[in-house]
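Chemist: Fold the following.
(3 chains)
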Amino acid sequence: MHPIVRTLLQRVSLSVATLLAVSVIIFLMIEALPGNFASAILGQSATPERVAAFERQIGLDRPPVERYVVWLGNLLQGDFGNSLASAGSPVGHERTVMSLVGPRLKNTMFLAGLVAVVAVPISLALGLLAALYRNGIFDRLVNLTTLTSISVPEFFIAYILMLFFAVRLPWFHSLATVNTDTELLERVARCTLPALTLVLVIVAHMMRMTRASIINLLASPYVETARLKGLSPARVIVHHALPNAWAPIVNVIAVNLAYLVVGVVVVEVVFVYPGVGQLMVDSVSARDIPVVQACALVFAIAYIGLNLIADLVAIITNPRLLRPR
Amino acid sequence: MTTGTKEIPTPTVRRGLLATAWRELKRAPISAWFGLAVVFAYVFVGVFAPWVAPYGEAEIVGAQYQAWGGQHVFGTDQLGRDMLSRLVFGARNTIGIAFLTTALSFLIGGIIGMIAAIVGGWLDQVLARLVDVLMAIPQLVFALVLLSIFGTSVVNLILIIAVLDSTRVFRLARAVAMNVVVLDFVEAAKLQGENILWIATREVLPNILPPMVAEFGLRFCFVFLTISALSFLGLGIQPPTADWGSMVRENATLISYGDITPLLPAGAIALLTVGVNFVVDWFLHKTSGLKDGH
Amino acid sequence: MDIESPLLEIRGLRIEGESGEVWHEIVKGIDLTLRRGEVLGLIGESGAGKSTVGLAAMGYARPGCRITAGSIRFDGLDLARLPESEKRKLWGPRMAYVAQSAAAAFNPAHRLIDQYVETPVVHGIESEGEVKRQAVDLFRRLHLPDPERIGERYPHEVSGGQLQRAMTGMAMACHPDLLIFDEPTTALDVTTQIEVLAAIKEVVRHLHTAAIYISHDLAVVAQMADRVMVLRHGELVEEATTREMLANPREAYTKSLWAVRSLYKQEESSRDVVLSVQGVAAAYGRGIKVLEDVSIDVPLGRTVAVVGESGSGKSTLARVITGLLPPLAGTIQFQGKALPPALRNRPRDLLRRVQMIYQMPDTALNPRRRVRDILGRPLAFHLGLTGQARDRRLIELLEMIELDARFLDRLPSELSGGQKQRICIARALAVNPDLIICDEVTSALDQIVAEGILKLLLRLQKDLGVSYLYITHDLATVKAIADEIVVMHRGRVVQKGPKTTVLTPPHHPYTELLLSSVPEMNPDWLDGVLARRAIAAAG
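Modeler: Predicted coordinates for the structure are as follows:
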């Protein structure tokens, strides 16, 4: 087997193993719940018969390992079980977790995608400029602004934007209410403020990291060699710095998109955007454990997946691995 | 081949710690001065909250949502409590809890990270893998999950965030301690027969202190923001305790009327984290300044 | 073009370097003249500013450095004032740079040949096909293996010595008027160094290129340069033709550059053996064996020098003896008793008896502890000394290493390199050991400082009767300190015995190669060795 294939496989299986470990942790949530799970859900007044029936219904009477295997098997088939918020209601009105999470996942991915499309090119360009003109006025200014912007809580930016661009100047919607029927352009318009909030936060992080990795690269002896060959600054960067920059740059993008996954929770709540983040916060308040589990798993998959992509890119752009000695 | 003259030791004029600090401060940029001023002001307000605040923390002193001015500089909140007083007590509660959490997280992560680096071998491997798994779930999401299980109380909040954040501290402590552990003076101590505790406290700890201090500032900001976010989501510090995150949430509706009151607690959070970050930025620049550029 | 005028004329050059936001002058008014086709050696110790001057000869200052005064006239142009866009037209076609570490100076993302053709093609001098054809010729002249295809490889696929030669080839691609060699062989082993030196010398001579050759090693410079300038702390100490400089150095500082070479220890023998290593094999993890069947005896009160190049296993041997790496096979006897293989099984008294001194005094001392604590701790830990008794012993130790009580309250950063190494020696001596393992203890130090350290070690051995196991790659040091020599190669002992026996022919073939590769203070040495080797190969 070519060593690079082996390295790639190793990295992928590491991610799968991590994901399995994460699934165990998420599964154990129910086990760790203090007190009796069923009575915690059904309330103290529930009769013992009802508790027993409920436990049978969700399979609490079987040993944990067996339940984990069944649970995982169901997950793989896309079955996350039923939402507890609807448990106890008459048969037929129960909602599956999938039917709750599914549409909201699409919304969240739409928002995150919108942010990524805007933020990634801007931050890479700004980061590159700051690195090239480092210690100049532009760089210092950018450093101060981004340092401020990463220090500020998301909801502060969100409310300021809302105050100025939705209330004082009624340019945008202050609430990002969308549903499945909303047209694409309308959807983008309604998402402007939440997207802008996230862009401001992400750009600051991403461009600081881009700047740092480019500066690191420009300090390499081979860049000095290239300069002393009399090459133009553009050629030094494009031909000598960039081929070695893919791994760090993709890493910067992945780390920040993973950060986006978290930022989205608060922003969705502020703008009442029907995404996974808001669903998760609501479900935590309602202690709707299956939904919380599903949301947590979704976030973890996104997080692990992004980091995996970054590492895979780093592996396939590394000549040492492409052409081992 | 850089600057420096190896065989001429630097003249050893020894100054007091305070004199050195003052000399460094005089050369510090405005942003660092600003940051320090902010931090000191917050600490002062937090410590002397009962004397600074005009009213009590949970005291209902007027009508709901009173406008600014008059007896209540920043008006009143949704229950008719004095906004300024709540802000002042919020400083004590929010900063205090975040500080406690960060300290706990450093105690756990720092000690385990240092031990992993010194002992090495399978213990190090197991701990590192475990932390990798824990870090594969985004911190805020993990915190939400745990809070949904254990319920929202201040003690739970502190413990959960401290444990989750200690994974980051572990990573850094282990990484910087690794760099020190491979140095010959640590090997020399091992060859003398010194035990782990001695090596950790006398040989390693003093050498990883500067990056750890800087990291404390950054982690504090992160913890502070996480707790504020959780409180804002209604899952962190619970009423009637005055806390900035919850105050933003409680008064959020005012924004739609063009009232900036909810921005006050949010701004209070922002100002402190900006201040701390400015100080840390300067500190990092100072401690790493000699290394970069060449 | 005026043939008689110098190619390069530097006058009153001053350069400042930044550290911690403060600018220090690192080159303090240097004048330098280089004629066409001439090779000038720049020699000096760390911090002399020789690399900075070398780069300034191209009108280049590294980030964090700036040229503050003086002129750099190259072929009628003043590089100190020329804008960078103009200098770029000269860099590559007219002047080129060969860096110390070719492994870092080649771009890891491109094939060697693509990096080679870049300069002539981008500057529009030759077509790509023509350059590639010339490259094969030059690679052959540089004795690179498989010259037709080696260019297709990536830098990580080529060994260090070959990469350094390819780097030289790349610099020569446009037949520049001026080449700057910045310590091109310093990172290489002696047996590799000689190949690279031979290759560089041949192409420079063949193309009649002017060059500045920078090194800290006068014996290396003597092979390459027609004329030598000695720098110290950014100032010129002495300038002369190479032969004149070697025959009649005027300045005391210049003489001190080969201080260690003037030392020679009269060899003595001893009947008693303090340490006996028998048939030791060792490996890291489950990897390949780093040591195989190694047997060494260290006589009481004498010095055994373990000599070898990188990868010979000499430092691993030290780790096995100290117990950091328990051996896979073999035994170690110390003072007639078996030594427990692992460090944790050794009683404290045994730890006291075997001490170690390291190569880098900078990393061997905890930068956060004062000398008093560094030396006081072993006294308390092993000997139980406290209070006044400890203070008396501390002063006594400092006197032994020729320092005084003023040093007790200093931090390592307040000591010079030589003083730090003396403190390391004192730490080892503090607990009255029987054996001290010295791992390259002088190779990070400047020559004159190294000489002082070696003299100190010799005196301490005479006074205290302590035995040394002295690990080194430097044969001058071996001559200065050893009673017996062990030559190691790829994890095995290839030859051992009393110093004079090992150093006198007949040698083991590897010992022969090693000994003959060490540059001598004689400008004809390199040509002589190459001629002898050619004859040996033909015969």
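Chemist: How many residues are close by residue 134?
Modeler: Going with chain A. A count of nearby residues for A:Arg134, using other Cβ atoms under 10 Å in any protein chain shown, gives 16. Any C-beta I mention is one placed from the backbone N, CA and C, and that applies to glycine too.
Chemist: Sorry, I should have been clearer: chain C.
Modeler: A total of 18 residues lie near C:Gln134 under the criterion other Cβ under 10 Å.
Chemist: what about the helix or strand it falls within, near chain A?
Modeler: Secondary structure from DSSP states H and E places C:Gln134 in helix C:128-141. No - using Cβ under 8 Å from any Cβ of the partner chain, we find that helix C:128-141 stays clear of chain A, coming within 13.2 Å at best.
Chemist: What parts of the stretch 101-250 of chain A come near chain C?
Modeler: By Cβ under 8 Å from any Cβ, the residues of the stretch 101-250 of chain A that approach chain C are A:219-222, A:224-232, A:235, A:239-240, A:243-244.
Chemist: again, only this time at 7 Å
Modeler: Contact residues, the stretch 101-250 of chain A versus chain C (Cβ under 7 Å from any Cβ of the partner chain): A:221-222, A:225, A:228-232, A:235, A:240, A:243-244.
Chemist: a markdown table for the residues you listed, including neighbour count?
Modeler: Written out in a markdown table, the entries for these read as follows (neighbours: other Cβ atoms under 10 Å in any protein chain shown):
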| residue | neighbour count |
| --- | --- |
| A:Pro221 | 16 |
| A:Tyr222 | 24 |
| A:Thr225 | 25 |
| A:Leu228 | 24 |
| A:Lys229 | 26 |
| A:Gly230 | 25 |
| A:Leu231 | 23 |
| A:Ser232 | 13 |
| A:Arg235 | 16 |
| A:His240 | 25 |
| A:Pro243 | 14 |
| A:Asn244 | 19 |
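Chemist: And C:Arg533, how far from C:Phe139?
Modeler: Here the distance between C:Arg533 and C:Phe139 works out to 21 Å (Cβ to Cβ, to the nearest Å).
Chemist: And C:Arg14, by the same measure?
Modeler: Remark: distance between C:Arg14 and C:Phe139 (Cβ to Cβ) = 40 Å.
Chemist: Ok, C:Pro6 next?
Modeler: Remark: distance between C:Pro6 and C:Phe139 (Cβ to Cβ) = 32 Å.
Chemist: So which of those two has more stuff around it?
Modeler: Legend: neighbour count by other Cβ under 10 Å for C:Pro6 and C:Phe139, higher for C:Phe139 (24 against 17).
Chemist: That one: what's it in contact with?
Modeler: Contacts for C:Phe139 were tallied using Cβ atoms under 7 Å, 6 or more residues apart in numbering or on different chains; they are C:147, C:150, C:169.
Chemist: how about 8 Å then?
Modeler: For C:Phe139, the residues meeting the contact criterion (Cβ atoms under 8 Å, 6 or more residues apart in numbering or on different chains) are C:147, C:150-151, C:166, C:169.
Chemist: Rebuild the residues you listed as a markdown table, extending it with neighbour count.
Modeler: A markdown table is the format used below for those (neighbours: other Cβ under 10 Å):
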| residue | neighbour count |
| --- | --- |
| C:Pro147 | 17 |
| C:Ile150 | 22 |
| C:Gly151 | 22 |
| C:Ala166 | 26 |
| C:Gly169 | 25 |
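Chemist: restrict the residues you listed to contacts with chain A.
Modeler: Among these, chain A is touched by none when using Cβ under 8 Å from any Cβ.
Chemist: Inside helices: which ones of those residues?
Modeler: Secondary structure assignment (DSSP state H) places C:166, C:169 from those within helices.
Chemist: out of the contacts of C:Phe139, which one sits closest to chain B?
Modeler: Sorting those by distance to chain B puts C:Ala166 at the head of the list, at 22.6 Å, by Cβ to the nearest Cβ.
Chemist: contacting residues for the closest residue to chain B within the stretch 1-150 of chain A?
Modeler: Nearest to chain B in the stretch 1-150 of chain A, going by Cβ to the nearest Cβ, is A:Ala21, at a distance of 4.3 Å. Shown here is A:Ala21, whose contacts under the criterion Cβ under 8 Å, 6+ apart are B:133, B:136.
Chemist: got any ranges where chain B has weak pLDDT?
Modeler: Regions of chain B meeting the criterion pLDDT under 70 cover residues B:1-17, B:287-294.
Chemist: Mind telling me which residue is nearest the centre of it?
Modeler: Within chain B, one residue has its C-alpha closest to the average C-alpha position: by Cα atoms, centre = their mean, that is B:Phe220, at 1.0 Å.
Chemist: how many neighbours does the nearest residue to that residue once chain neighbours are set aside have?
Modeler: Nearest residue to B:Phe220 in three dimensions, chain neighbours excluded: B:Thr102, at 4.6 Å (Cβ to Cβ, 6 or more residues apart in numbering or on different chains). Number of residues near B:Thr102 (other Cβ under 10 Å) recorded here: 27.
Chemist: repeat for A:Met207
Modeler: Residue neighbour count, defined by other Cβ under 10 Å, stands at 28 for A:Met207.
Chemist: right, and the helix or strand after the helix or strand containing it?
Modeler: Secondary structure here is read from DSSP H and E; on that basis A:Met207 sits in helix A:184-218. Read in the C-terminal direction, the helix or strand following helix A:184-218 is helix A:221-227, with elements assigned using DSSP H and E.
Chemist: Break down the stretch 51-200 of chain B into its helices, ranges please.
Modeler: B:83-90, B:96-119, B:121-135, B:139-150, B:154-181, B:184-192, B:196-198 (DSSP state H, counting those that start in this stretch).
Chemist: what do you get for chain A?
Modeler: When secondary structure is read from DSSP H, chain A shows helices at A:3-32, A:37-42, A:48-58, A:64-76, A:97-132, A:137-151, A:154-162, A:184-218, A:221-227, A:233-235, A:246-270, A:276-286, A:289-316, A:319-322.
Chemist: now those helices in a markdown table, with distance to C:Leu324 and mean pLDDT?
Modeler: Supplementary listing: these in a markdown table, determined by distance: least, Cβ to Cβ, whole Å; pLDDT from 0 to 100:
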| stretch | distance to C:Leu324 | mean pLDDT |
| --- | --- | --- |
| helix A:3-32 | 30 | 85 |
| helix A:37-42 | 53 | 62 |
| helix A:48-58 | 56 | 71 |
| helix A:64-76 | 44 | 83 |
| helix A:97-132 | 42 | 88 |
| helix A:137-151 | 44 | 85 |
| helix A:154-162 | 51 | 86 |
| helix A:184-218 | 33 | 86 |
| helix A:221-227 | 33 | 92 |
| helix A:233-235 | 49 | 87 |
| helix A:246-270 | 35 | 84 |
| helix A:276-286 | 51 | 86 |
| helix A:289-316 | 33 | 86 |
| helix A:319-322 | 30 | 74 |
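Chemist: is it possible to export the ones you listed to CSV including distance to C:Leu275?
Modeler: Output for the helices of chain A, formatted as CSV (distance: least, Cβ to Cβ, whole Å):
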stretch, distance to C:Leu275
helix A:3-32, 43
helix A:37-42, 68
helix A:48-58, 71
helix A:64-76, 57
helix A:97-132, 55
helix A:137-151, 58
helix A:154-162, 66
helix A:184-218, 46
helix A:221-227, 42
helix A:233-235, 59
helix A:246-270, 48
helix A:276-286, 67
helix A:289-316, 47
helix A:319-322, 41
